[in-house]
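> sequence first, then the predicted structure, then my questions.
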Amino acid sequence: MAEPLNDLNSAQREAAEILEGPVLVIAGAGTGKTHTLVHRLVRLAESGVPPESILLLTFTRRASEQMIARAAEITGADDGRVGGGTFHSFANLILRRDGRDIEVPPDFTILDQADTFDVLSGIRTDLKATDASIELPRRETLASIISKATNKQALIEDVVSEEYPQFFGVAEYLDVVASRYEKYKKDHNLVDFDNLLVLLIRLLEESDEARTRVHERYRYLMVDEYQDTNVLQARITHLLAGESQNVMVVGDDAQSIYAFRGANHRNLFDFKASFPDARVVTLEENYRSPQPVLDVANALMVQMSEAFQKRLFTKRTDGVRALLVEAADEREQAAFVAGEVERLREDGIPLSEIAILFRASRHAFALELELAHRGVLFVKYGGFRFMASGHIKDVLAHVRLIEQPGDALSLSRVLLMRDGIGKKGARQIQDAVRGAPLVESLRNYKATGKVRASLTELAEFLALLEALRSAPAQCLEAAVEAFDPLLIERYDDWPRRKRDLETLVGLVDRYRSLSSMLSDLTLDPPTLSRGDGLAASASGDELVLSTMHSAKGLEWKVVFVIQARDGDIPMVTNFVDDEDEDALDEELRLFYVAVTRAKDSLYVVWPRETARMRYSWPMPSRFIERTPEEYFERYTAADLLA
């Protein structure tokens, strides 16, 4: 057998050769953590450790299977007996085997998301039947609140206060929903995704027999992406370590970006506190990016209030400084980025090797329109599609009726969102108003009660827009304002959607006719999105647009980080000022993840003016301002476009 460790650097080799006791591996971006984990599996096998006594926990089953298969390929042995999978799949396995110790029958059924929604919908209906005045969130939001409370081990009230303040007044009823949901599951032998972790913890804490069986079976534990674990997963890790404490966790505190899902980056710091004898190995040699890109990444890490000390370096001798490009506004930003993408493609770089990264999906709206106008194919990951998002389609349906009163789809959409009007009623109304002046017909339609009130409200809404048709931007702005009550009624996350609509208004102020505005907004709308499970183009060569969250774990030759304006990076909706260190650090980590995706070239682009001026300031991100000037070549988009 060939020596398996000769292609590791000194830090990787050190981590792979520590076989006993607790080990904490801090793996900077692009430093080969997967390579290291694979070779540690090889080293364990070479030292005579039975494969079945090793447990590898990752965040996707595919990741663990690939690592195990790679280790088997190196050793030439069948290591298929290595235990591998996600925390949830492992919990399911152990609970079905030993769950009776805590009165969990082995034949429990796992609820999928649709099942959870159905159960919560029934509970919600029953609760509202007792008091119709209770304004409860929709079932999807209820599921999210309960899940976050479970994964963070937090009170429902605290989750609502932090993330859903619009429902703080009904927090006590949300506790009732959560309690009834737990009872329903127990009564019907049901377990949901989050229950798997909670019940595994109970089993390992309360059953000496089950805990002993687990420890006897799994003597070596390895956990990947430990910075993304929540408090439940960290607790499971500690319980699985047992007395032998043969546990290795691998992660990068600077890439912990899933706090909104309950991930706790402090788990990495707490690991050393819980295992004082743990060896700490830091991987710093980067195999992805040139040093100029790593200089920017290192400058971001220095700004973090809480971080493991590390400095990324590479043996690559190529690379140019990152470009910092100032644009006048979002349209100029879009024009510059789209033009530069076309230039790069002409220079031989495939579109699929170029990525445009942004903090929030709405930050790419103007760019999506520009790319569609130029015929540049792209896929988008994360967030939602500009023209496909429900609240934007809702508002534009009203505006379209001013330009095209006979638009049956738009009329159906606006009717169905009104009180008292169902599908049958909407068809009857459409038949009655077809071919006649729309506003007048809605006013004269014979109806009573809720339907009459809804049609009167709709007629006044459309009359308001009709008076502004010669000023498209004002017309759309009026539509957004008039839509407010419906927005709040239809969407639990209406504050975020309100900001999206304000962004849309800011993007259309140059139009002089409704027709051109609506045409451009729908001109060849891109429909390719592998991230959404839709078909890719025949060539497979599309530009990648992605939120920073969705970009984690990926890499491209050229990376553009757009909307790098203070207030957008970092997002002011998450905090007010520099006093909130946790929120600022999370935003810094997101920016760090975006920067470290670049294999060759990095562009950072920021617009002086945006559609949401009241939420941001005419300066680049404070993170950039705190980075040494010599790390960037600075230009204006106007100069580069000239």
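Thanks, I have it.
> for the rest of this, base every contact and every neighbour count on C-alpha atoms.
Noted.
> strands of the stretch 1-150 of the chain, start to end?
For the stretch 1-150 of the chain, applying DSSP state E, counting those that start in this stretch gives strands covering 23-27, 54-58, 83-86, 109-110.
> helices of the stretch 401-550 of the chain, residue ranges please.
Secondary structure of the stretch 401-550 of the chain (DSSP state H, counting those that start in this stretch): helices at 408-416, 423-433, 438-444, 449-466, 472-490, 494-507, 514-522, 548-551.
> pull the shortest one out as PDB, backbone CA atoms only.
Same thing as helix 548-551. The C-alpha trace of helix 548-551 is given here as PDB (Å, rounded to 0.1, in the frame of the first residue of the first chain):
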ATOM      1  CA  MET A 548     -23.800  34.600  -0.200                       C
ATOM      2  CA  HIS A 549     -25.500  31.900   1.900                       C
ATOM      3  CA  SER A 550     -26.100  29.600  -1.100                       C
ATOM      4  CA  ALA A 551     -22.500  30.100  -2.300                       C
END
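> against which helices or strands is it packed?
strand 354-358, helix 581-595 (3 or more CA pairs under 8 Å, 6 or more residues apart in numbering; DSSP states H and E).
> the third one now?
Helices and strands touching helix 438-444, as assessed by 3+ CA pairs under 8 Å, 6+ apart, comprise helix 423-433, helix 449-466.
> repeat that for 7 Å
helix 449-466 (3 or more CA pairs under 7 Å, 6 or more residues apart in numbering; DSSP states H and E).
> in the helix it packs on, what's buried?
Buried residues in helix 449-466, counting neighbours by 16 or more other CA atoms under 10 Å, are found at 451-456, 458-462, 464-466.
> rounded mean pLDDT for it, please.
The average pLDDT for helix 449-466 rounds to 93.
> where does this protein have low pLDDT?
The model of the chain has pLDDT under 70 over residues 1-6, 75-80, 383-388, 519-520, 522-540, 573-579, 611-617.
> ramachandran angles for Trp606?
The phi/psi pair for Trp606 (degrees, to the nearest 10) reads phi -140, psi 140.
> could I get the contacting residues of it?
Neighbour list for Trp606: Val325, Glu326, Ala327, Ile562, Gln563, Ala564, Arg565, Pro620 [criterion: CA atoms under 7 Å, 6 or more residues apart in numbering].
> was I right to think Leu602 contacts Phe560?
Yes - the criterion here is CA atoms under 7 Å, and Leu602 meets it with Phe560 at 6.0 Å.
> of these two, which one has the most company?
Leu602 (29 against 26; other CA atoms under 10 Å).
> quick one on the thing from earlier: got CSV for the helices of the stretch 401-550 of the chain, with distance to Gln303 too?
Output for those, formatted as CSV (distance: least, CA to CA, whole Å):
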stretch, distance to Gln303
helix 408-416, 49
helix 423-433, 56
helix 438-444, 58
helix 449-466, 49
helix 472-490, 38
helix 494-507, 28
helix 514-522, 40
helix 548-551, 19
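> out of these, the one nearest Ile110 is which?
helix 548-551 (27.1 Å; CA to CA).
> what's that closest one in contact with?
With CA under 7 Å, 6+ apart, helix 548-551 has contacts from Ile257, Leu357, Phe358, Arg359, Tyr381, Gly382, Leu590, Ala594.
> which ChimeraX command selects the buried ones in the residues you listed?
In ChimeraX, a selection of the buried entries from these looks like this (16+ other CA under 10 Å):
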select :257,357,358,359,381,382,590,594
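> tell me which of the helices of the stretch 401-550 of the chain sits nearest to Ile134.
helix 472-490 (13.2 Å).
> and the closest one, what does it pack onto?
helix 390-403, helix 449-466, helix 494-507.
> the helices and strands packed on helix 548-551 into CSV, with extra columns for distance to Gly48?
Shown next, in CSV, are these (distance: least, CA to CA, whole Å):
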stretch, distance to Gly48
strand 354-358, 45
helix 581-595, 38
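> hmm, back to that, among the contacts of Trp606, which are located in helices?
Among the contacts of Trp606, none falls in helices (DSSP state H).
> rewinding a little: go through the helices and strands packed on helix 472-490 and name the closest to Glu17.
helix 494-507 (48.7 Å).
> the inter-axis angle of that closest one versus helix 390-403?
On the basis of axes from the mean of the first three to the mean of the last three CA atoms, to 10 degrees, helix 494-507 is oriented at 50 degrees to helix 390-403.
> Leu409 and Ser133, how far apart?
Distance, Leu409 to Ser133, using CA to CA, to the nearest Å: 33 Å.
> and the end-to-end length of stretch 124-139?
The stretch stretch 124-139 measures 7 Å between its terminal residues, going by CA to CA.
> if we can go back for a sec, JSON lines for the contacts of Trp606, including neighbour count and distance to Arg413?
Compiled in JSON lines, the contacts of Trp606 are given as follows (neighbours: other CA atoms under 10 Å; distance: CA to CA, whole Å):
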{"residue": "Val325", "neighbour count": "25", "distance to Arg413": "42"}
{"residue": "Glu326", "neighbour count": "25", "distance to Arg413": "40"}
{"residue": "Ala327", "neighbour count": "23", "distance to Arg413": "38"}
{"residue": "Ile562", "neighbour count": "25", "distance to Arg413": "34"}
{"residue": "Gln563", "neighbour count": "29", "distance to Arg413": "33"}
{"residue": "Ala564", "neighbour count": "28", "distance to Arg413": "36"}
{"residue": "Arg565", "neighbour count": "26", "distance to Arg413": "36"}
{"residue": "Pro620", "neighbour count": "24", "distance to Arg413": "40"}
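> neighbours around the closest residue to Trp494 other than its chain neighbours, how many?
Spatial nearest neighbour of Trp494, excluding adjacent residues (CA to CA, 6 or more residues apart in numbering): Ile488 at 5.5 Å. Number of residues near Ile488 (other CA under 10 Å) recorded here: 15.
> got it, and Lys423?
Number of residues near Lys423 (other CA under 10 Å) recorded here: 12.
> skipping its backbone neighbours, what lies nearest it in space?
Computed as CA to CA, 6+ apart, the closest residue to Lys423 that is not its neighbour in sequence is Leu416, at 6.8 Å.
> ditto for Glu555
Arg597 (4.5 Å).
> and for Ile402?
Nearest in space to Ile402, with sequence neighbours left out and distances taken as CA to CA, 6+ apart, is Glu466 at 5.9 Å.
> from memory the one you found sits against Arg400, does it?
No - between Glu466 and Arg400 no contact is recorded; they are 10.6 Å apart, counting by CA under 7 Å.
> separation between Pro618 and Asn92?
Taking CA to CA, one finds Pro618 at 51 Å from Asn92.
> those two: which has the busier surroundings?
Asn92 (22 against 15).
> does that one really touch Leu196, like I thought?
Yes - assessed by CA under 7 Å, Asn92 is found in contact with Leu196 at 6.3 Å.
> circling back: out of the helices of the stretch 401-550 of the chain, which gets nearest to Arg217?
Per CA to CA, nearest to Arg217 of those: helix 548-551, 35.9 Å.
> quick one: distance of that closest one to the chain centre.
In terms of CA atoms, centre = their mean, to the nearest Å, the centre of helix 548-551 is set 7 Å apart from its chain centre.
> and for stretch 360-380?
19 Å.
> repeat that for stretch 151-158.
20 Å.
> check stretch 343-353 too.
Worked out by CA atoms, centre = their mean, stretch 343-353 lies 27 Å from the chain centre.
> heads up, I number from 512, so please use that
Okay, residue one is now 512; in that scheme the one you just asked about reads as stretch 854-864.
> quick one: buried residues of that stretch?
Neighbour-count burial for stretch 854-864 [16+ other CA under 10 Å]: Arg856, Pro861, Leu862, Ser863, Glu864.
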